[in-house]
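Q: Next comes the sequence, and after it the predicted model I'd like to discuss.
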Amino acid sequence: MIRADRFIAEQMNISRSDAAAAVRSGRVTVNGRRLSPSDKIDEGKDAVMFDGRQVRYRRNVYIMLNKPVGVICAARDRLTETVADLIPPELRRKGLFPAGRLDKDTTGFVFITDDGAMAHDMLSPKKHVEKEYVVTLRDPVTDRERYDGVISAGMEIDGGEICRPAVISFTDDPSVVHLVLCEGKYHQVKRMMHALGNEVTALRRIRIGGLVLDESLAEGQCRELSGDEVRKICTIS
Ligand code: URA
């Protein structure tokens with residue numbers, strides 16, 4: 001059970017005082033009845049309406065964002081646009097943060113949630129959650145066996161760090177490869193390609209765990225994930 005003003009404030013992402021005012025003015029009904037801000041709502045059972053629209057209770061929010069170039073993976077920043085700035089008001093919540101980072105010039109799938117435990121689980125190195133990238137390279141790959149051998153063996157990158165074995169696959173375009181990693185070292189894809197004597201010119205993440213980026217989302221757009229989709233994130237496909 002939760003106070004009506006708190007329920008509305010949290011679920012509608014408005015201040016507690018605005019929520020209390022909305023409840024007092026009768027904009028909120030529970031099971032068809034008006035109530036006062038201190039009345040309790042059973043978040044599992046009660047039918048809550050705000051301005052005639054149902055407010056579905058969600059303990060946590062899980063969002064897939066298609067990140068554009070130029071936006072940083074942070075909850076807030078004074079100078080640069082962040083992934084949090086791209087979330088529409090109805091999905092905004094206190095405590096939302098990107099679970100895992102992409103570089104400013106990388107595009108694609110960013111997972112954003114206010115569920116700290118789930119994000120921690122997903123990011124845990126022990127979980128080996130896969131991330132798939134489409135990598136555009138400066139130089140076309142003419143020696144596939146070398147790339148495959150080095151990457152699948154677990155390669156060393158600058159500074160002596162050893163990467164876990166990863167999977168590279170090739171496309172019809174020799175300048176575009178897919179790379180599947182199960183860890184997230186700083187600038188890892190760029191550093192791997194650099195160690196192989198190449199350079200990344202564009203990078204896009206298209207999958208986390210078993211969940212593929214929804215290509216109907218234009219860059220800069222996001223949407224809430226279903227329970228099934230959230231579960232797919234932590235599954236190895
Ligand atoms: N590897 C990189 O080099 N950059 C990213 O943004 C993600 C993985």
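A: Everything's here; your move. Quantities reported herein were computed from a predicted structural model and do not represent experimental measurements.
Q: which residues in the chain form helices?
A: 4-12, 16-24, 116-123, 144-153, 188-195, 227-233 (DSSP state H).
Q: Gln54 is nearest to which of the ones you listed?
A: helix 4-12 (10.7 Å; C-beta to C-beta). C-beta here means a position set from N, CA and C on the backbone, and glycine is covered the same way.
Q: what packs against the closest one?
A: helix 16-24, strand 28-30, strand 40-41, strand 48-50 (3 or more C-beta pairs under 8 Å, 6 or more residues apart in numbering; DSSP states H and E).
Q: doesn't Arg164 make contact with Glu156?
A: No: judged on C-beta atoms under 8 Å, Glu156 makes no contact with Arg164 at a distance of 11.8 Å.
Q: right, and the helices of the chain - which one's nearest Val180?
A: It's helix 144-153; of the helices of the chain, that one is closest to Val180 (C-beta to C-beta) at 9.7 Å.
Q: For the closest one, which outside residues touch it?
A: Val141, Pro165, Ala166, Val167, Ile168, Phe170, Val177, Leu179, Met192, Leu196 (C-beta atoms under 8 Å, 6 or more residues apart in numbering).
Q: Indicate each strand paired with the lowest-mean-pLDDT helix or strand in the chain and its parallel or antiparallel sense.
A: When each helix and strand of the chain is scored by mean pLDDT, DSSP states H and E, strand 53-54 comes last, with a mean of 90. Strand pairing for strand 53-54, determined by DSSP bridges: strand 48-50 (antiparallel).
Q: Can you give me every residue that contacts Asp103?
A: His187, Lys190, Leu203.
Q: Tell me how far the last one lies from Asp18.
A: When distances are taken as C-beta to C-beta, to the nearest Å, Leu203 and Asp18 turn out to be 41 Å apart.
Q: which of the two has more neighbours?
A: Leu203 (21 against 13; other C-beta atoms under 10 Å).
Q: where does the more buried one sit relative to Gly108, distance-wise?
A: 8 Å.
Q: Tell me the pLDDT of the residue minimising distance to the centre of the chain.
A: In the chain, the residue lying closest to the centroid (C-alpha atoms, centre = their mean) is Phe111, at 0.7 Å. Among the per-residue scores, Phe111 shows a pLDDT of 97.
Q: hey, what's it bridged with?
A: Residues in beta-bridge contact with Phe111 (DSSP bridges): Met64.
Q: close enough to count as contact, it and Gly100?
A: Yes: at 6.6 Å, Phe111 and Gly100 qualify as touching, with contact defined as C-beta under 8 Å.
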